[in-house]
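> How does the following fold in three dimensions:
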Amino acid sequence: MALHNVTHERGKIMKNFTGQVLSALATGTTTAYAAAGAESSGPGFFTIAFLAFLAAIIAIQFIPGLILFFGLLRGIFSASTKKKVVAEGNRDHIE
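Here you go, the predicted structure:
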């Protein structure tokens with residue numbers, strides 16, 4: 001019988017708790033997210049460190065990107081000059 005009383009009591013507590021939570025959600029009750037005097041003086045150390053880390057990643061990835069871009073341009077323009085030279089050489093040989 002003691003087990004039945006404990007289970008019954010636990011059920012009452014859960015029903016009470018569930019009722020309170022549902023009523024708070026239904027009425028749009030919100031808690032205070034920050035105290036009135038808790039104003040920040042700007043971004044903290046970890047915010048600055050995180051942004052610096054992101055900036056370092058972008059800067060480090062920018063250098064290989066530039067190398068690839070200029071290699072691409074060099075390949076495009078050197079291929080076009082090689083085709084002209086080969087085409088001119090073939091014309092001279094055929095004529």
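
> from here on, contacts and neighbour counts on C-alpha atoms
Will do.

> any idea of the mean pLDDT for stretch 11-26?
The pLDDT scores in stretch 11-26 average 73.

> before we move on, what about stretch 78-86?
Here stretch 78-86 scores 66 as its mean pLDDT.

> which stretches of the protein form helices?
2-27, 45-94 (DSSP state H).

> how close does G71 get to S78?
Separation of G71 from S78 (CA to CA, to the nearest Å) stands at 10 Å.

> same question, I67
Distance, I67 to S78, by CA to CA: 16 Å.

> Next up, the contacts around K15.
By CA atoms under 8 Å, 6 or more residues apart in numbering, no residues touch K15.

> let's go with 10 Å and repeat that
Taking CA atoms under 10 Å, 6 or more residues apart in numbering, we find K15 in contact with E9, V21.

> same thing with I60?
Neighbouring residues of I60 by CA under 10 Å, 6+ apart: L54.

> Quick one, grab the pLDDT at it.
pLDDT at I60 comes out at 95.

> Equivalent analysis for the one 10 residues further on, please.
F70 carries a pLDDT value of 95.

> Tell me how many other residues crowd it.
F70: 12 surrounding residues under other CA atoms under 10 Å.

> count of residues packed around T18?
T18: 12 surrounding residues under other CA under 10 Å.

> Would you mind measuring from it to G44?
Distance check for T18 against G44: by CA to CA, it reads 38 Å.

> cool, I63 as well?
30 Å.

> ok, now E9?
E9 is 47 Å from G44, by CA to CA.

> try F69
Counting by CA to CA - F69 and G44 are separated by 37 Å.
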